[in-house]
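Undergrad: model this:
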Amino acid sequence: MYAFVDGGFSGIERSSKHSYIIMNENRKIVRKRKFRGFEKDSMCAELRSIEKLLQDLIHEDVQGMVIYSDCKPLINAINNGDKISINCDYLKFLLKKSGTTLQWIPRGKNRNADKLVHSIGKPKIKSGLLIK
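TA: Below is the predicted model:
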């Protein structure tokens, strides 16, 4: 099995959007998930999407998956040790614990996860509270 992740950030909405899609070897979607968060930028949103996927995989005792992301600076930081402005230690821990690898994929080939992120509507505010 393998997965595609995506994260996005809207400065106007002051919130982030996250998604992941898990597929089997026959390219059939096994699971998809989307959720909203409060990350400060797009790279942090992508990081959180990957972390949530890994937490779910570990909880279900799934090992050895390949995760594809279109966030090249984040992938290079994890795989090659490139320096970025966010701490990736927890993500590295989750990758090691799950025996999972992270690979970069061009944005155009990550359309399913991207479409899922963009399907998340605008946040609804009611009496100062965020409603999902």
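
Undergrad: shouldn't Phe35 be in contact with His18?
TA: Yes. Using Cβ atoms under 8 Å, Phe35 is in contact with His18, at 5.2 Å. For every residue, glycine as well, the C-beta is placed using N, CA and C.

Undergrad: touching both of those two, which residues are there?
TA: Overlap of the contact sets of Phe35 and His18 (by Cβ atoms under 8 Å, 6 or more residues apart in numbering) consists of Lys52.

Undergrad: and Val66, how many neighbours?
TA: Val66: 12 surrounding residues under other Cβ atoms under 10 Å.

Undergrad: for the residue nearest the centre of the chain, give its distance to Glu25.
TA: For the chain, Ser49 is the residue whose C-alpha lies nearest the centre (Cα atoms, centre = their mean; 2.4 Å). Separation of Ser49 from Glu25 (Cβ to Cβ, to the nearest Å): 22 Å.

Undergrad: hang on, the earlier thing: the residue nearest to the centre of the chain belongs to a helix?
TA: Yes. Assessed by DSSP: H, G, I helix; E, B strand; the rest coil, Ser49 belongs to a helix.

Undergrad: isn't it up against Tyr20?
TA: Yes. Between Ser49 and Tyr20 there is a contact under Cβ under 8 Å: 5.9 Å.

Undergrad: more neighbours: Phe35 and His18, which one.
TA: In this view Phe35 and His18 are compared by other Cβ under 10 Å, and His18 has more residues nearby, 27 against 15.

Undergrad: which element is that one on?
TA: strand 15-23 (DSSP states H and E).

Undergrad: report all helices and strands that that strand contacts.
TA: Secondary structure elements in contact with strand 15-23, counted by 3 or more Cβ pairs under 8 Å, 6 or more residues apart in numbering; DSSP states H and E, are strand 2-10, strand 29-37, helix 42-59, helix 111-118.

Undergrad: with that, I have no additional questions.
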